[in-house]
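A.B. asks: sequence and computational prediction follow.
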Amino acid sequence: MAKKAAKKSAEAVYKIVEVVGSSPTSFENAARSAVEAAAKTLRDLRVAEVTKLDMKIDKSGKVVAFRARVSMSFKYEG
């Protein structure tokens, strides 16, 4: 019985960057703005992970901005 050759996975290296997006309306929009801004200058984004959420509050106690810290990875090319 012949053995099947194991598939070799290509070795790759990924760089991780962290950005903070902000939105006056929601955490979702804040995270989306972070990814969309990063995508303008980074090629081949692979994964985005929200690592922290917080809110900016004014002196009267009103939430004025939602913020999302997002870690993103992209393939490192040299």
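C.D. replies: Nice, thanks for sending it over.
A.B. asks: now stretch 22-38: buried residues?
C.D. replies: For stretch 22-38, a neighbour-count test (16 or more other CB atoms under 10 Å) marks 22, 23, 27, 30, 31, 32, 33, 34, 35, 38 as buried. C-beta here means a position set from N, CA and C on the backbone, and glycine is covered the same way.
A.B. asks: cool, and stretch 62-73?
C.D. replies: For stretch 62-73, by 16+ other CB under 10 Å, it's 66, 67, 68, 69, 70, 72, 73.
A.B. asks: the first one belongs to a strand, doesn't it?
C.D. replies: Yes - inclusion of residue 66 in a strand is indicated when DSSP: H, G, I helix; E, B strand; the rest coil is applied.
A.B. asks: for it, give the beta-bridge partners.
C.D. replies: Taking DSSP bridges as the rule, residue 66 bridges to residue 23, residue 55.
A.B. asks: now do the contacts for it.
C.D. replies: 22, 23, 24, 25, 26, 27, 29, 30, 53, 55 (CB atoms under 8 Å, 6 or more residues apart in numbering).
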